[in-house]
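Q: Using only what follows, build the 3D model:
(chains A, B, C and D)
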Number of protein chains: 2
Amino acid sequence: MKDNSEIVSLLGKHLQQIRKEKKLTLEQLSQKSGVSRSMLSQIERGQANPTFGTLWNLSRALGLDMSELVEEFESSGPISGKIDVLLAADTPRISNTQNGCTLAILGPHDQVGQFEWYELQIEPDGILDSQPHTQGTREHLTVLQGAAEVTSGDQTIQLNVGDTGRYKADVPHAIRCAGKVALKALLVVMG
Amino acid sequence: MKDNSEIVSLLGKHLQQIRKEKKLTLEQLSQKSGVSRSMLSQIERGQANPTFGTLWNLSRALGLDMSELVEEFESSGPISGKIDVLLAADTPRISNTQNGCTLAILGPHDQVGQFEWYELQIEPDGILDSQPHTQGTREHLTVLQGAAEVTSGDQTIQLNVGDTGRYKADVPHAIRCAGKVALKALLVVMG
DNA sequence: ACCAAAAATCCTTTATATTGGAATATTTCG
DNA sequence: CGAAATATTCCAATATAAAGGATTTTTGGT
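A: Prediction:
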């Protein structure tokens, strides 16, 4: 076989960088991926040449595509050092007075489609009914005030103050205000 | 190791498809890549699980990027259809009673490093002082109650209820409770 | 500085990726 | 159809990926 120790070694460094960014220990990554800590250690140090299957397990555990795991990292452009402020009055909102819903769009515009977050408010008896988003999308709802009833697919669940629900958003889904007071919640959508 | 024979088998089929499109025999591909015919045959039939180094050699021989070789398999694995609930009582928290800070970790564990989000509470006069995160990280802070004073690098800014601040988090930064009541805020960290 | 806990590395054993060549199957062409 | 040429699969031997436990190193608190 041709010599490729160089590229194998680079892969190891890249893997280690990703793991450290996620603040995972070898043990934790081992648990999630099913790959032994010793193997992980050897891979990171370029002393082992992982199989495709092992890389697959690792990419799944790290929440990455295979291609992200194997591609060379491109230098991200410089980011403005100043603090950007979005005043409450300027915060874009989506209101549906019909159903008593208000969504304050809190995320930056340049991340739409990947990761969006909202402060959600629903009046008593109101409901936020949503069509399926793109394949693989998930929503994470944390109740800040009141109570919510979440339906995703054929399942329904009740969430109280402080509770978080995580569910598929690539099927029809709905959030209902389940109490006598308005529901306030944090809604995170990950594509 | 977790079972991944299914995906390994798919890789084999994909490789064979590419080879036939290029009208190469096992022998020819073997010559160009340095991988033995027998190994190629086994890989294509899903009877072997090639190493990263072998895949690298193959991708070079086929004139493909590594990511192109594996791009068929980028879509994320099956995601549970059931709603996952994290009760308020079970929500992991980071407390620093010294500085009157509490962070409720709301994001799922498998996204650490990419996106993390928290509900942040700081008592009057309290402060959350943070060391730099990894290069390129930004934080997004939305005030839910009270008022905050955010410092990032050499800049400081005041945020009131409903305001959102976005700033570099790869430099030393701090969030201070700027009012007489406790600060409650949503903190999103993007790596 | 010390100690205890956690994390990473090292060591041994097992499973298997990889090879070269022999055997089989497939295609080509008279 | 049959033989030669080519392509693929099977087999035995070797190198090494992978796992599990033991040891060393690092980390964090007092």
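
Q: Please list all residues in contact with residue A:9.
A: Residue A:9 makes contact with residue A:46, according to Cβ atoms under 8 Å, 6 or more residues apart in numbering or on different chains. To be clear about C-beta, it is placed using only N, CA and C from the backbone, and glycine gets the same treatment.

Q: All the helices of chain A, residue numbers only.
A: Under the criterion DSSP state H, chain A contains helices at A:5-21, A:26-33, A:37-44, A:52-62, A:66-70.

Q: how about the closest residue to residue A:32 other than its chain neighbours, what does it touch?
A: Computed as Cβ to Cβ, 6 or more residues apart in numbering or on different chains, the closest residue to residue A:32 that is not its neighbour in sequence is residue A:61, at 3.9 Å. Shown in contact with residue A:61 (Cβ under 8 Å, 6+ apart): A:29, A:32, A:33, A:34, B:110.

Q: ChimeraX command for the buried members of the residues you listed?
A: Per 16 or more other Cβ atoms under 10 Å in any protein chain shown, the buried members of these correspond to this ChimeraX selection:
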select /A:29,32,33,34
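
Q: Just the closest of the contacts of residue A:61 to residue A:183, please.
A: Closest approach to residue A:183 among those (Cβ to Cβ): residue B:110, at 27.1 Å.

Q: winner for burial among the helices of chain A?
A: Per-stretch averages of neighbours, counted by mean count of other Cβ atoms under 10 Å in any protein chain shown, single out helix A:52-62 among the helices of chain A, with a mean of 23.

Q: Tell me if that one is near DNA strand D.
A: Yes - judged by Cβ under 7 Å from any atom of the strand, helix A:52-62 comes into contact with DNA strand D at A:53, A:54.

Q: Assess the claim that residue A:37 and residue A:31 are in contact.
A: No - judged on Cβ atoms under 8 Å, residue A:37 makes no contact with residue A:31 at a distance of 9.2 Å.

Q: Make sure residue A:55 is actually in contact with residue A:65.
A: No - assessed by Cβ under 8 Å, residue A:55 is found out of contact with residue A:65, at 11.1 Å.

Q: Please tell me how far residue A:40 sits from residue B:53.
A: 17 Å (Cβ to Cβ, to the nearest Å).

Q: Apologies, that question was intended for residue A:140.
A: 39 Å.

Q: before we move on, what about residue A:70?
A: In terms of Cβ to Cβ, residue A:70 sits 12 Å off from residue B:53.

Q: what do you get for residue A:32?
A: Relative to residue B:53, and taking Cβ to Cβ, residue A:32 is found at 24 Å.

Q: sorry, back to before: list, out of the contacts of residue A:61, those positioned next to DNA strand D.
A: Within these, those near DNA strand D by Cβ under 7 Å from any atom of the strand are residue A:34.

Q: and the contacts of residue A:61, which two are the farthest apart?
A: A:34 and B:110 (14.0 Å).

Q: Kindly reformat the helices of chain A as JSON lines containing mean pLDDT.
A: Listed next are the helices of chain A as JSON lines, based on pLDDT from 0 to 100:
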{"stretch": "helix A:5-21", "mean pLDDT": "82"}
{"stretch": "helix A:26-33", "mean pLDDT": "86"}
{"stretch": "helix A:37-44", "mean pLDDT": "89"}
{"stretch": "helix A:52-62", "mean pLDDT": "85"}
{"stretch": "helix A:66-70", "mean pLDDT": "74"}
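
Q: which stretch among the ones you listed comes nearest residue A:162?
A: helix A:26-33 (25.7 Å).

Q: where's that closest one relative to the chain centroid, distance-wise?
A: Remark: helix A:26-33 is offset 19 Å from the chain centroid, using Cα atoms, centre = their mean, to the nearest Å.

Q: what do you get for stretch A:18-37?
A: With Cα atoms, centre = their mean, you get 18 Å for stretch A:18-37.

Q: That one and DNA strand C in contact?
A: Yes - Stretch A:18-37 is in contact with DNA strand C by Cβ under 7 Å from any atom of the strand, via A:25, A:26, A:27, A:37.

Q: Just the endpoints, please. Distance across that stretch?
A: 16 Å (Cα to Cα, to the nearest Å).

Q: Just put the helices of chain A in CSV and tack on distance to residue B:187.
A: Listed next are those as CSV, based on distance: least, Cβ to Cβ, whole Å:
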stretch, distance to residue B:187
helix A:5-21, 18
helix A:26-33, 23
helix A:37-44, 31
helix A:52-62, 23
helix A:66-70, 26
